[in-house]
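Q: Here is a sequence with its predicted model. Questions after.
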Amino acid sequence: MEYMTAGESHGEQMTGIIMGIPAGLEIDVDKINLALSIRQNSYGRGKRQKIENDEVRIVSGIRGGITLGSPISVVVENKDHKNWLGIMETNSENIRYGERYASKVVTCPRPGHADLVGGMKYGHRDLRNVLERSSARETVLKVAIGSICEQLLRELKIDLIGYVTQVGNIKIKTSEKMSVGDIRERINDNDLRIIDKSKISEIHKLITQTKRKGDTLGGKVRVLVENLPVGLGNYTSWEKKLDVRLAGAVMGVNAIKGVSFGDGFDIVGHFGSEVMDEITYKPSGGYTRKTNHLGGIEGGMTNGMPLIVDAALKPIPTLRKPLETIDIETRKRAKASIERADITVVAPASLIVENVIAIELVRTILETFESSNLSRLKVEVENYRNYISRY
Ligand SMILES: Cc1cc2nc3c(=O)[nH]c(=O)nc-3n(C[C@H](O)[C@H](O)[C@H](O)COP(=O)(O)O)c2cc1C
Ligand SMILES: C=C(O[C@@H]1CC(C(=O)O)=C[C@@H](OP(=O)(O)O)[C@H]1O)C(=O)O
């Protein structure tokens, strides 16, 4: 299974193609649209989300709501496009300055965004040509495609959830004992996706204060996945290791600066005796572990314990109180360009990271088992689970 996305943030639409989804999967479009609305609505989002009302249109690969096994194309309209018509139709590199849309030409790169390096690499003198595609608007497609993958995972009895564990310097306690269902019950999808409601007003206050100061915030998210078959991934070749793929996919989400599994970087201060998960066996369920410090992965393969992935998100680079930069036209000191921006996106990021993990899990499952047809795939996975339980 592979996927590709295309689209500029203020262009007509975002387009995604996903290849390799088995035939016979019933797609619930309402579920995709629900995920898209969760990605949009959270405290700390900017004004763009008041313009957009993301809804997916599936334009190929399904018939009567059921997948055909052929490439699936998904489209999400950019409602904001109509407000940018002249700007998106005219490349300011041709019209140069003083003309109608010159005020929208970006020449003062924002520290932390792709502007300067993207401009240097591609030879753009209007950095809008970089920001249009480097924008996290692209994540709307990661969620649309991820949501299709989550529907496939549910058919295989695999469930997952992403939630927020830190906003700025405020940490939200996590509990290793909570199941995906427990977490889903606790988090509020239209707010911060945190499991401890007592922290909500403190975090809202922090976000509001930060906004007033013209500044931005980062944070941390966690994704928990349950009931993965043992042995997904591969130890025989580094690039086939599941943690390699997951880490790459998570790092591919805008503003993510780090990924870890299980106890993550905290593991280094411990003795091996404290953090290697001891093996036990029960005739009824087969092999299991007493603990899950390693987050469900050993040797690049799932070991049957819940998969736990943490990701760190940097603060949003565009500041209303802009940082110092250099104007690429004058090469003189200047203030970074101010675009309308989010204050923090930790909550949407928890959903986006959940979705890219769903995509990579599906990709690995479809490589592992014969996958042209969903019914056969389900039988194969079930037979494999039975074999594993008898090992
Ligand atoms: C959902 C989401 C929304 C974002 N919104 C903004 C934004 O409004 N302004 C901004 O400067 N960066 C925003 N970012 C972050 C930038 O897209 C990102 O920092 C930039 O593309 C540079 O890439 P990198 O941070 O991965 O190195 C957002 C990220 C995500 C995940
Ligand atoms: C459009 C989305 O996020 C955008 C991501 C983004 C960036 O630089 O990454 C910058 C902002 O773009 P705009 O200037 O159009 O408001 C965000 O709104 C979205 O998530 O749907």
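A: The structure has been received and is ready for your questions. Ligands and ions are numbered 1, 2, ... in the order given.
Q: Run a quick neighbour tally on Arg331.
A: Neighbour count for Arg331, taken as other CB atoms under 10 Å: 8. Heads up, the C-betas are built off the backbone N, CA and C, glycines and all.
Q: What of Val230?
A: Neighbours around Val230, by other CB under 10 Å: 19.
Q: Without its sequence neighbours, what residue ends up closest to it?
A: Sequence neighbours aside, Gly304 is the residue nearest to Val230 in space, at 4.3 Å (criterion: CB to CB, 6 or more residues apart in numbering).
Q: Next up, the contacts around the one you found.
A: By CB atoms under 8 Å, 6 or more residues apart in numbering, the contact set of Gly304 is 228-230, 286-289, 296, 388.
Q: So for it, what's the pLDDT?
A: Looking at Gly304, its pLDDT reads 97.
Q: Relative to Gly16, how far out is Ile359?
A: Per CB to CB, to the nearest Å, Ile359 is found 11 Å from Gly16.
Q: Overlap in contacts, the two.
A: The overlap between the contact sets of Ile359 and Gly16 (CB under 8 Å, 6+ apart) consists of 3, 145.
Q: Met1 reaches Ile21, doesn't it?
A: Yes. Counting by CB atoms under 8 Å, Met1 touches Ile21, with 6.5 Å between them.
Q: follow-up on the earlier one: now which of the contacts of Gly304 would you call buried?
A: 228-230, 288-289, 296 (16 or more other CB atoms under 10 Å).
Q: What sits closest to Asn190 if chain neighbours are left out?
A: Asn41 (4.8 Å).
Q: For that neighbour, give me its contacts.
A: 49, 189-190.
Q: For this structure, what lies in contact range of ligand 1?
A: Residues of the chain found near ligand 1, taking CB under 6 Å from any ligand atom as the criterion, are 46, 113-114, 134-136, 139, 253-255, 314, 316-318, 341-342, 345, 348-349, 352.
Q: Check the residues you listed for burial and list the buried ones.
A: By 16+ other CB under 10 Å, the residues of the chain next to ligand 1 give 46, 113-114, 134-136, 139, 253-255, 316-318, 341-342, 345, 348-349, 352 as buried.
Q: among the residues you listed, which are in helices?
A: Mapping these onto helices (DSSP state H) picks out 134, 139, 348-349, 352.
Q: Now render these as TSV, adding pLDDT.
A: Listed next are these as TSV, based on pLDDT from 0 to 100:
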residue	pLDDT
Ser134	98
Thr139	98
Pro348	97
Ala349	98
Ile352	98
